[in-house]
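**Q** Give me a model of this one.
(chains A, B and C)
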Amino acid sequence: MDKLFFSKPTLDVAKNLLGCKLINGKTSGMIVESEAYLYNDRASHSFKGKTERNKVMFDSPGRAYVYFIYGNHYCFNVVTNKHGIGEAVLLRALEPLSGFNIMRKRRKKEELKELCSGPGKLCSALGIEKKHNGKMLNNGSLRIEKFNKIANKNIIKSRRIGISNGSELYHRFYIKGNIFISRK
DNA sequence: CTCTGGATTGAC
DNA sequence: TCAATCCAGAGG
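**A** As a prediction, the model looks like this:
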């Protein structure tokens, strides 16, 4: 994906990512759910400025920001807007497209719906981990490509999930009617 | 150094 | 509804 795609207002990128394809090696899925985290957002890791963990958020757009959480899981974000701002989009769910058996083995689950229906789940299914932090997503094994164009009327905007601060913001986007999202 | 809580998940 | 699990960030 062109770097220009990510160099836009973060809420726009979060919406535009729906219908794109996230690929790592032989595994891939269509993005069906995303959340935006802005620089002035109390829920964002970047809210209090640059730290060792979040420094990639302040790097150039189009990079992967991968972090470890709750002692078990990785979360995958794409850095957006402009270099130095500190914004990103969290990918929360994918509709599996390829590499089903690899993903089943990694997830220890059979059902397609169980493979990528959550931020930690999709990282596990695609094999995304700490070594991917900071990687550009335009080429290489881990990358994002154009796939489906989602019409505006099929995009639902809602409150974010799993956070205490900033849960009032409608910064979550998902594809209407898609059964692979993390939660209603 | 210690302490606290988390952009989650899966089992109960 | 709730515990597992461990690390980043903050404070002393």
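
**Q** right, and residue A:114 touches residue A:124 too?
**A** No - using C-beta atoms under 8 Å, residue A:114 is not in contact with residue A:124, being 10.7 Å away. Heads up, the C-betas are built off the backbone N, CA and C, glycines and all.

**Q** Between these two, point out the one with more neighbours.
**A** residue A:124 (21 against 17; other C-beta atoms under 10 Å).

**Q** Okay, the more buried one and residue A:26: tell me how far apart.
**A** As judged by C-beta to C-beta, to the nearest Å, residue A:124 and residue A:26 stand 15 Å apart.

**Q** hang on, the earlier thing: between residue A:114 and residue A:124, what contacts are shared?
**A** residue A:107 (C-beta atoms under 8 Å, 6 or more residues apart in numbering).

**Q** which ones are touching the closest residue to residue A:40 other than its chain neighbours?
**A** Of all residues not flanking residue A:40 in the chain, residue A:47 sits nearest, at 7.4 Å (C-beta to C-beta, 6 or more residues apart in numbering). If a contact means C-beta under 8 Å, 6+ apart, then residue A:47 has A:39, A:40, A:41 as its contacts.

**Q** Centroid-nearest residue for chain A?
**A** Residue closest to the mean C-alpha point of chain A, counted by C-alpha atoms, centre = their mean, is residue A:91 at 1.9 Å.

**Q** which one in chain A is furthest away from the centre?
**A** Distance-from-mean max, chain A, by C-alpha atoms, centre = their mean: residue A:110 at 22.7 Å.

**Q** Tell me who's in contact with that residue.
**A** residue A:104.

**Q** And it, what's its pLDDT?
**A** As predicted, residue A:110 sits at a pLDDT of 96.

**Q** ok, what's across the strand from the residue nearest to the centre of chain A?
**A** Beta-bridge pairing for residue A:91 (DSSP bridges): residue A:34.

**Q** So it sits against residue A:22, correct?
**A** Yes - using C-beta under 8 Å, residue A:91 makes contact with residue A:22 at a distance of 6.6 Å.

**Q** anything in contact with each of the two?
**A** With C-beta under 8 Å, 6+ apart, residue A:91 and residue A:22 have common neighbours A:31, A:76, A:122.

**Q** May I have the predicted confidence score for the residue nearest to the centre of chain A?
**A** At residue A:91, pLDDT is 98.
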